[in-house]
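J.: sharing a model prediction with you, sequence too.
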Amino acid sequence: MRFRTLFLLAGIFMAGCVSVEVCEEEYVSEMVARFKTMKEGTAADTTVSALSLYGIREGKIDSLFYDSIPASGFMVPLDPHHAYSSFVLQLDTLRDTLTVYYEREAYLISYTCGFANLFTLDHIEPSTGVIKNDSILMDMIDAAYETNEVHIWLYL
């Protein structure tokens, strides 16, 4: 009887010494894009009155990120399983498919939090001409970076 009590107390004491690390942050690498227009040879911010944006992934249903909202840009996660991500942008009544190509690398945050992805942008391909040009401002997309850092400009 004493042995069981002593064993129970030792178990409680040892359990109290174990700390459990909790991952309080979500580590998602998201690409930030801003819309621009050219005015007198200078890039100027612009806002579309209705942006709808869908993500396209092989073998999965399309995911709606934005639904007919006024926007000067957008923020989307990139596909960690492929070397590219595709999106359908509907700007008012015009549509374009935007494919972003990149290199990807997973790295360990911690045992509890797991892995995060580091993406290095390579190039961007719009399909229909609604997006007339693009500029990659910051080619590294990492979950550890600030979310307000702009990665690409899309010229309308």
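T.: Cool, the structure landed. Residues are numbered from 1 along each chain as shown.
J.: relative to residue 79, how far out is the residue nearest in space to the middle of the chain?
T.: Nearest to the geometric centre of the chain sits residue 30, at 1.8 Å (CA atoms, centre = their mean). When distance is defined by CB to CB, to the nearest Å, residue 30 is 12 Å away from residue 79. For every residue, glycine as well, the C-beta is placed using N, CA and C.
J.: and the pLDDT for the residue nearest to the centre of the chain?
T.: Among the per-residue scores, residue 30 shows a pLDDT of 88.
J.: partner residues bridging it?
T.: Residue 30 forms beta bridges with residue 77, as assigned by DSSP bridges.
J.: now do the contacts for residue 103.
T.: Contacts for residue 103 were tallied using CB atoms under 8 Å, 6 or more residues apart in numbering; they are 83, 119-120, 122.
J.: can you lay out these as a markdown table showing distance to residue 151, secondary structure and neighbour count?
T.: Shown next, in a markdown table, are the contacts of residue 103 (distance: CB to CB, whole Å; DSSP: H, G, I helix; E, B strand; the rest coil; neighbours: other CB atoms under 10 Å):
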| residue | distance to residue 151 | secondary structure | neighbour count |
| --- | --- | --- | --- |
| 83 | 17 | coil | 13 |
| 119 | 9 | strand | 25 |
| 120 | 11 | strand | 12 |
| 122 | 12 | strand | 13 |
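J.: and those, which two are the farthest apart?
T.: Farthest-apart pair in the contacts of residue 103 is 83 and 120; separation 10.5 Å (CB to CB).
J.: what touches both of those two?
T.: In terms of CB under 8 Å, 6+ apart, residue 83 and residue 120 are both contacted by the residues 102-104.
J.: ok, these vs residue 136, which is closest?
T.: Taking the shared contacts of residue 83 and residue 120 together and measuring to residue 136 by CB to CB, the closest member is residue 102, at 10.0 Å.
J.: buried ones in the helix or strand hosting residue 105?
T.: When elements are assigned from DSSP states H and E, residue 105 belongs to strand 94-110. Burial within strand 94-110, assessed by neighbour count using 16 or more other CB atoms under 10 Å, is assigned to 96-98, 100, 102, 104.
J.: ok, now stretch 42-49?
T.: When neighbours are counted by 16+ other CB under 10 Å, the buried residues of stretch 42-49 are found to be 46, 48.
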